[in-house]
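> One predicted model, sequence on top.
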Amino acid sequence: MENSSIITLQLSFFGDYSQQDKSTSFIISLLQVLKEDNFLPQSIQNKSINPANGEVTKSDIISLDSPSTNWKIVLMNNRIDFNYVRTNQSDPAKGLDTLIVEGIKNIERVLTILNIPSSPTIGNRLAVNVQTIIEGLPDEDINKIGKKIITAPTSQYESSLYEDWSASVNKQIHCDINKHKKEIVNHILEIEKIVNVNKDSEKGNKAILVHNDINTIPQNSNPRFTKEDFISFIKLETVKAFIQNSITEISENKYEK
């Protein structure tokens, strides 16, 4: 019988955070608000080279890891990521609602103490990324799902199942972030057959990886989002329904061809 579990969740708040203080005192402040979950800090200097003139740009990245909760928070110059990774498959799987609650808790604690010299509007894009693995399906059924999802590109593929397959689609909708903000949002869905390697099988088990990427369009880069907007976006029923319905319909093969 098939079962699905979330293996990664990423909540991203894009903006210009290059002026954020990254001193030791700020890192200590972060650790104070995150002390309940025993986050450990790491400061990394990132270097990038402009290929046009060879100029090297340096930026500081703050990474905070909580091994006990599998959460990592990464503060960069252009985005802040709140990442959950299920590092051990023997750990109990967490549902989407539970992970959203945990993610919002981290967002509230971190974004509250940012001290960027600007207005409360500090973000220009929002994103929710979820990777889910669907296991327990026979290999033939996985190949049949691939055949149903992907139209044969040439006549040579019409009479047989695909041994390996992947697909990616995107649709855009108008979405109410709150009562005052309506945004165009990408709903990107990527699906692929994978080999999920585990200790019980030398060859590994075949599975389906489903990646939902829901984000406000990058074409609009005006700073306009607050912490409250970010949280509202994550909690939207349309966002959760899109993620949950895609998993259900793929695993149970309920969608129409």
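Received, thanks. Bear in mind that the values here come from a model prediction, so they are computed numbers and not experimental data. Numbering: from 1, shown residues only.
> and for stretch 60-77, what are the contacting residues?
16-18, 20, 22, 27, 30-31, 34, 37-46, 59, 80-87, 91, 102-103, 106, 110 (CB atoms under 8 Å, 6 or more residues apart in numbering). Backbone N, C-alpha and C define where each C-beta goes, glycine included.
> are any of the residues you listed buried, and which?
Buried by 16 or more other CB atoms under 10 Å: 16-17, 20, 22, 27, 30, 34, 39, 80-84, 86, 102-103, 106, 110, out of those.
> How about F82: what's its closest non-neighbour residue?
L11 (4.3 Å; CB to CB, 6 or more residues apart in numbering).
> In its sheet, which strands sit next to the helix or strand where that neighbour lies, and in what direction?
L11 belongs to strand 3-14 when assigned by DSSP states H and E. Next to strand 3-14 in the sheet, as set by DSSP bridges, lie strand 79-85 (antiparallel), strand 125-135 (antiparallel).
> would TSV of these with distance to K72 be doable?
Output for the strands paired with strand 3-14, formatted as TSV (distance: least, CB to CB, whole Å):
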stretch	distance to K72
strand 79-85	5
strand 125-135	14
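> out of the ones you listed, nearest to N50?
Nearest to N50 among these is strand 79-85; the distance by CB to CB comes to 19.8 Å.
> continuing past the closest one, what's the next helix or strand?
In the C-terminal direction, the helix or strand that comes right after strand 79-85 (DSSP H and E) is helix 96-111.
> one step back: out of the strands paired with strand 3-14, which gets nearest to Q244?
The nearest among the strands paired with strand 3-14, by CB to CB, is strand 125-135 at 9.5 Å.
> angle of that closest one against helix 96-111?
Comparing the axes of strand 125-135 and helix 96-111 via axes from the mean of the first three to the mean of the last three CA atoms, to 10 degrees yields an angle of 150 degrees.
> average model confidence for strand 125-135?
Strand 125-135 shows a mean pLDDT of 96.
> what's downstream of it, the next helix or strand?
Helices and strands here follow DSSP H and E; after strand 125-135, the next one along the chain is helix 139-149.
> now the following helix or strand past that next one: how far from the chain's centre is it?
Downstream of helix 139-149, the first helix or strand assigned by DSSP H and E is strand 166-176. Centroid displacement of strand 166-176 relative to its chain, using CA atoms, centre = their mean, to the nearest Å, is 15 Å.
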